[in-house]
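Asker: Here is a sequence with its predicted model. Questions after.
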Amino acid sequence: MDNRLKIKLLLITIFVSFTSYFYYDKHFITNTDAIYHFNHLSFLIASISFGVIISAGIYNLAFYFYIRNRQYLYYGLAQLSTLLFLINLDSLFISPFDEIFQLKSTLFFDLTRASILLFSMLFIKEFLKTYNLVKIHTIIKIIIYLTLLDILFTLIFSFSIFTNFVPIFILIWLVLSEATQEIKEKDIPFYSLLIGWYVVIFIAFIEHVGFIKFIGISFPFIHIGFAMESIFLSLAISYKFKMVEEKQKIQQSLLLQQSRLASMGEMVSIIAHQWRQPLNFLSMANMNLKKIHTDNQDSQMLIGESNKQIEYMSSTIDSFRNFYNPSKKREQFSVESASKEVLKISSHCLNLAHIKVTLTVTENFKIYGNKNEFEQVLLNIINNAKDAIIERKIKNPFISLFINKGMITIKDNAQGIDKEYINKIFDPYFSTKAESDGIGLYISKMIIEQEMGATLQVKSNSENTTFIIEFF
């Protein structure tokens with residue numbers, strides 16, 4: 001347990017001890033007469049809030065039965081518990097709801113309050129699964145077990161202990177505050193979750209310490225808080241589901257690309273196998289011709305050139321076969337060697353487009369990762385530059401690679417990337433080319449940053465585009 005969590009638990013203990021000592025009578029309901037009297041406006045706002053909570057509950061439960069995602073189930077049940085809790089709360093303390101609902105049960109009040117905590121914790125546990133927060137899950141499990149014991153105690157003795165003395169909003173705050181500290185890259189769903197719940201936590205806190213009762217305002221603050229929480233958390237779940245769907249689409253695209261590479265690898269292997277025998281035959285023929293024409297210098301020179309072409313063809317076959325090999329083997333490899341392999345593979349297309357390609361190595365270095373994936377990244381960037389050069393009919397086109405210790409720079413003179421697109425080029429499914437699926441640069445960035453622990457950035461002006469891969 002770290003010091004931050006210890007301090008929070010100490011503050012919670014002090015708060016609970018203080019409120020238990022000075023507000024002991026509040027923990028056990030004895031008086032069931034109405035304390036607050038809502039006017040027409042307050043009654044209308046409270047009724048609208050009920051409608052929002054009911055709608056959110058039905059919406060999330062319906063989604064669960066449609067897609068079988070448990071976070072919808074848990075949040076829908078949390079909304080149902082909230083609805084029953086508010087009905088019971090209003091029956092006990094608020095007029096005219098006390099006459100409308102007539103549900104003055106302290107047992108039911110304690111059970112619904114514990115149910116809110118139970119289903120909220122189960123929901124948070126499901127919601128935070130994608131963030132891989134082991135410590136948070138441990139805290140949530142402890143709270144869930146304590147809540148289940150409290151529910152059992154309530155059913156046996158007709159009053160609760162745990163949720164009576166430890167307010168549920170404090171426990172939810174504890175989990176959310178720890179999650180905020182642990183999550184490095186917070187997204188829109190998580191911020192929506194925080195906003196929705198912190199509104200309720202703030203209102204519940206000032207209600208718990210008696211501030212609202214002290215100022216004597218009869219207004220459905222807690223109803224509005226729960227309604228706002230319903231809206232923000234429903235949005236958070238929906239947005240998160242959308243993000244998960246997008247990730248699944250991207251994973252499918254990755255699998256499809258790997259399948260294509262594997263198929264091409266098989267095809268290249270077949271071609272390589274078919275070509276090996278003729279190449280071996282030509283090599284043997286050259287050896288015999290070399291023996292026959294030992295005294296003819298021109299013949300010897302021609303045979304030597306022929307052998308070089310055979311070696312080049314054999315080397316090219318090996319390069320293509322290695323490149324399209326879908327192996328996930330991770331190893332240390334030379335950046336210069338990998339770059340040369342990529343340039344060899346792409347040389348034919350670049351030569352056809354009359355693109356001058358240069359490779360400058362100031363200081364070579366080795367990196368650890370999958371060489372095949374790294375080469376795919378370089379090839380993707382080079383191919384994008386080549387396509388832009390051809391499309392814009394650039395005069396004196398060039399693509400240059402610079403290798404310095406810890407950094408690879410790929411630069412072209414294809415007139416840069418439009419300013420309106422520069423911040424979108426790494427987004428999935430975004431492309432300025434009609435026939436592109438828009439996944440190449442996104443995958444490239446993911447390989448470099450997630451698989452290899454480096455960064456991939458782009459800089460552009462009206463003349464050049466520069467991609468920078470930097471290792472730390």
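Answerer: Ah, there it is.
Asker: The residue of the chain most remote from its centre in helix, strand or coil?
Answerer: Farthest-out residue of the chain from its mean C-alpha position, per C-alpha atoms, centre = their mean: Asp295, at 70.7 Å. The three-state assignment at Asp295 reads coil, by DSSP: H, G, I helix; E, B strand; the rest coil.
Asker: What does it show for phi and psi?
Answerer: Asp295 has phi and psi values of phi -90, psi -10 when expressed as degrees, to the nearest 10.
Asker: Low-confidence stretches in the stretch 301-450 of the chain?
Answerer: By pLDDT under 70, the weakly predicted segments of the stretch 301-450 of the chain are 312-313, 315-328, 429, 433-438.
Asker: wait, what's in contact with the residue farthest from the centre of the chain?
Answerer: Neighbour list for Asp295: empty [criterion: C-beta atoms under 8 Å, 6 or more residues apart in numbering]. Where C-beta positions appear, they are placed from N, C-alpha and C, glycine not excepted.
Asker: and the gap between it and Leu73?
Answerer: Asp295 sits 90 Å away from Leu73, going by C-beta to C-beta, to the nearest Å.
Asker: Equivalent analysis for Gln415, please.
Answerer: The value you get for Gln415 to Leu73, if C-beta to C-beta is used, is 54 Å.
Asker: ok, now Phe471?
Answerer: For Phe471 relative to Leu73 (C-beta to C-beta), the value is 45 Å.
Asker: Was I right to think Val361 contacts Ser400?
Answerer: No - taking C-beta atoms under 8 Å as the definition, Val361 is not a contact partner of Ser400, at 11.8 Å.
Asker: Surely Lys411 forms part of a helix?
Answerer: No - the assignment for Lys411 is strand, going by three-state DSSP, so no helix is present there.
Asker: residues in contact with it?
Answerer: Contact analysis of Lys411 by C-beta under 8 Å, 6+ apart lists Ile399, Ser400, Leu401, Phe402, Asn464, Thr465, Thr466, Phe467.
Asker: ok, so of those, who is nearest Lys329?
Answerer: The nearest member of those to Lys329, counting by C-beta to C-beta, is Leu401 at 24.2 Å.
Asker: I figured Tyr75 hits Ile124, correct?
Answerer: No - the criterion here is C-beta under 8 Å, and Tyr75 misses it with Ile124 at 9.4 Å.
Asker: Could you count how many residues lie near the nearest residue to Lys356 once chain neighbours are set aside?
Answerer: Counting by C-beta to C-beta, 6 or more residues apart in numbering, Lys356 lies nearest to Phe398, which is 4.4 Å off, once chain neighbours are set aside. Using other C-beta atoms under 10 Å, Phe398 is surrounded by 16 other residues.
Asker: repeat for Val335
Answerer: Val335: 24 surrounding residues under other C-beta under 10 Å.
Asker: ditto for His354
Answerer: Residues lying near His354 (other C-beta under 10 Å) number 12.
Asker: The chain: strands as residue ranges?
Answerer: In the chain, the strands defined using DSSP state E lie at 36-37, 94-95, 331-334, 356-361, 366-369, 398-404, 407-412, 455-460, 465-470.
Asker: Tabulate these (a markdown table), appending distance to Met446.
Answerer: Below are these laid out as a markdown table (distance: least, C-beta to C-beta, whole Å):
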| stretch | distance to Met446 |
| --- | --- |
| strand 36-37 | 55 |
| strand 94-95 | 54 |
| strand 331-334 | 19 |
| strand 356-361 | 25 |
| strand 366-369 | 13 |
| strand 398-404 | 21 |
| strand 407-412 | 17 |
| strand 455-460 | 9 |
| strand 465-470 | 13 |
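Asker: out of those strands, nearest to Glu375?
Answerer: Ranking the strands of the chain by proximity to Glu375 (C-beta to C-beta) places strand 331-334 first, at 9.5 Å.
Asker: contacts for that closest one?
Answerer: For strand 331-334, contacts defined as C-beta under 8 Å, 6+ apart pick out Asn364, Phe365, Lys366, Ile367, Tyr368, Gly369, Lys371, Phe374.
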